[in-house]
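K.L.:
Could you work out the structure for the sequence below:
(one chain, ligands or ions: 2)
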Amino acid sequence: MSYNPKKQKQHKENVEKAVENAQEERGQVLIITGNGKGKTTAGFGNIVRALGHKQDVAVVQFVKGVGECGERNLLESRGVPFHTMATGFSWNSEDKAKDKLAAQQAWQQAKIWLQDPDLDMVLLDELTYMITWDFIDLDEVITTLKQRPKEMSVVITGRAAHRELKEYADTVSEVRPEKHAFHQGLKARKGLDW
Ligand code: ATP
Ligand code: MG
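P.N.:
Ligands and ions are numbered 1, 2, ... in the order given. This is a model prediction of the structure:
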């Protein structure tokens, strides 16, 4: 594609018009979904961006509570409130009741933060599967999001976000996998994958 000054000018004008039209100011809901790699890191990227403006943030991780996580090491040491789902969580279906309980506990903490007027941003990492598996009720999530403080933004990550959740969100981005190292036999790597 070659550089076309006419097209660039038109594009610039279109962007300026759109910026002019955007008048409403409020916190927003962003969903980062899809099967490609980069959802959780993008979610934490937003948290770091907010922190860089001295905003107040909190993070709930709806994932297996074992194992290290670089972002958690860093942000917790800076005093960012974190809740990581209880270590009892496993992918073994026999433990479903236990898993649901762990998810519910994480959700109770999320609800507290989603009502906190002092928070500018809340990251709900891997929330999507909790809804898919009925560990957390979709309607309750949407109601809680609707009732959050006006200035609060919420970032939700995870594969297969529910249609209704996507409908409610202000921005939905899908990360599409084109290739992934794992499929070439490469091992997950500290710093890159966790
Ligand atoms: P990241 O945490 O690196 O931003 P993610 O949040 O998009 O990735 P998840 O679906 O949460 O990805 O999966 C977490 C782990 O699975 C990561 O270690 C990631 O590298 C790996 N992964 C992500 N996408 C793929 C894929 N398409 N194939 C294989 N492994 C993947
Ligand atoms: Mg993830």
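K.L.:
For this structure, which segments are assigned as helices?
P.N.:
Assigned by DSSP state H, the chain shows helices spanning 5-21, 39-52, 70-77, 96-114, 127-132, 138-146, 163-168.
K.L.:
worst-scoring helix or strand of this structure, pLDDT-wise?
P.N.:
The element with the least model confidence among the helices and strands of the chain, by mean pLDDT, DSSP states H and E, is helix 5-21, at a mean of 86.
K.L.:
which other helices and strands contact it?
P.N.:
Contact partners of helix 5-21 among helices and strands, from 3 or more CB pairs under 8 Å, 6 or more residues apart in numbering; DSSP states H and E: none. Quick note: C-beta positions are derived from backbone N, CA and C, even for glycine.
K.L.:
tell me the contacts of the spatially most central residue of the chain?
P.N.:
Closest residue to the average C-alpha location of the chain: Ile156 at 2.8 Å, with CA atoms, centre = their mean. Contact partners of Ile156, counting by CB atoms under 8 Å, 6 or more residues apart in numbering, are Val29, Leu30, Ile31, Ile32, Gly43, Leu124, Leu127, Thr128, Leu165, Ala169.
K.L.:
Ligand 2 is nearest to which of the helices of the chain?
P.N.:
helix 39-52 (3.2 Å; CB to the ion).
K.L.:
can you tell if that closest one touches ligand 2?
P.N.:
Yes. Legend: contact between helix 39-52 and ligand 2 by CB under 5 Å from the ion is shown at Lys39, Thr40.
K.L.:
can you tell if that helix touches ligand 1?
P.N.:
Yes. Helix 39-52 comes into contact with ligand 1 (CB under 6 Å from any ligand atom), by way of Lys39, Thr40, Thr41.
K.L.:
What average pLDDT does stretch 143-155 get?
P.N.:
Per-residue pLDDT values over stretch 143-155 give a mean of 98.
K.L.:
list the buried ones in that stretch?
P.N.:
Thr144, Leu145, Arg148, Met152, Ser153, Val154, Val155 (16 or more other CB atoms under 10 Å).
K.L.:
From the chain's centroid, how far away is that stretch?
P.N.:
The gap between the average C-alpha position of stretch 143-155 and the chain average comes to 13 Å, counting by CA atoms, centre = their mean, to the nearest Å.
K.L.:
which among the residues of helix 39-52 next to ligand 1 gets closest to Asp116?
P.N.:
The shortest approach to Asp116 among those belongs to Thr40, at 22.4 Å (CB to CB).
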